[in-house]
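1. Everything below, folded, please.
(one chain, ligands or ions: 1)
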Amino acid sequence: MIRFRYQDLIQQAPLRPPGYLEAVFASSIRRGQDVLMTADAYRAIRDQFPIFLSPPPDPSDKSDPSDRSDMLDPSPPSHEAPPLPTWDTMIANAATESVKWAARGFPLAPKAALEFRRLQCLGDATTAPCEHWRPKLWLRTGGCELCGCSRAKLWLATTQCPAKPPRWHAIPQPKT
Ligand code: SF4
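-> From the prediction side, this is the model:
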């Protein structure tokens, strides 16, 4: 078994190619703070994602890389919020996602991928929520201001974050 630290995977996510993290979560199991994967599964992912995007270190950056205090502020960063999609657009978005989901056989996101998506949207005690997450939408259960979708979207394996670039991706599905 190959062992990753869950927190490391999350922190390195922006450096990885689209779909890499979802593929890792779909092929592994979570044990506490560890993510465990067989060597075969790891090799398959390396074959699928041969390019690992890691920026060269910035020699002028003298900050302590272990200092994550910038992530401790739970308040969303201020930004000029875009207007919410209209009801027509939200219904059209939901219908499109439902059709895509049904066409793939109604796959749900694996538990670890769901946790990652939740972390990206809602944040947690140490990670700020996405600036596009609106906690008061959908009868205060929360939703995304970009697509207008409720948190139910996070459960569907076929959905993707609408931000550019996306903060989480659809889970690769076996070809039918
Ligand atoms: S933009 Fe993406 S990460 Fe942000 S709230 Fe919407 S779905 Fe979640």
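2. For Cys161, give me the pLDDT.
-> Per-residue confidence at Cys161 stands at 95 (pLDDT).
3. Now for it: which residues touch it?
-> Going by C-beta atoms under 8 Å, 6 or more residues apart in numbering, Cys161 touches Arg117, Gln120, Cys121, Cys144, Arg167, Trp168, His169. Every residue, glycine included, has its C-beta placed from N, CA and C.
4. can you list those in JSON lines and add secondary structure and distance to Leu9?
-> Output for these, formatted as JSON lines (DSSP: H, G, I helix; E, B strand; the rest coil; distance: C-beta to C-beta, whole Å):
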{"residue": "Arg117", "secondary structure": "helix", "distance to Leu9": "13"}
{"residue": "Gln120", "secondary structure": "helix", "distance to Leu9": "13"}
{"residue": "Cys121", "secondary structure": "helix", "distance to Leu9": "17"}
{"residue": "Cys144", "secondary structure": "strand", "distance to Leu9": "23"}
{"residue": "Arg167", "secondary structure": "coil", "distance to Leu9": "14"}
{"residue": "Trp168", "secondary structure": "coil", "distance to Leu9": "13"}
{"residue": "His169", "secondary structure": "coil", "distance to Leu9": "14"}
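5. Grab the nearest non-local neighbour of Pro18.
-> Excluding the flanking residues, the one nearest Pro18 by C-beta to C-beta, 6 or more residues apart in numbering is His169, at 5.3 Å.
6. hmm, the longest helix seen in the chain touching the ligand?
-> Longest helix in the chain, counting residues (DSSP state H): helix 87-103. No: contact of helix 87-103 with the ligand is not found when judged by C-beta under 6 Å from any ligand atom; the minimum separation is 11.5 Å.
7. Name the residues of that helix that come out as buried.
-> Across helix 87-103, burial judged by 16 or more other C-beta atoms under 10 Å covers Met90, Asn93, Ala94, Glu97, Trp101.
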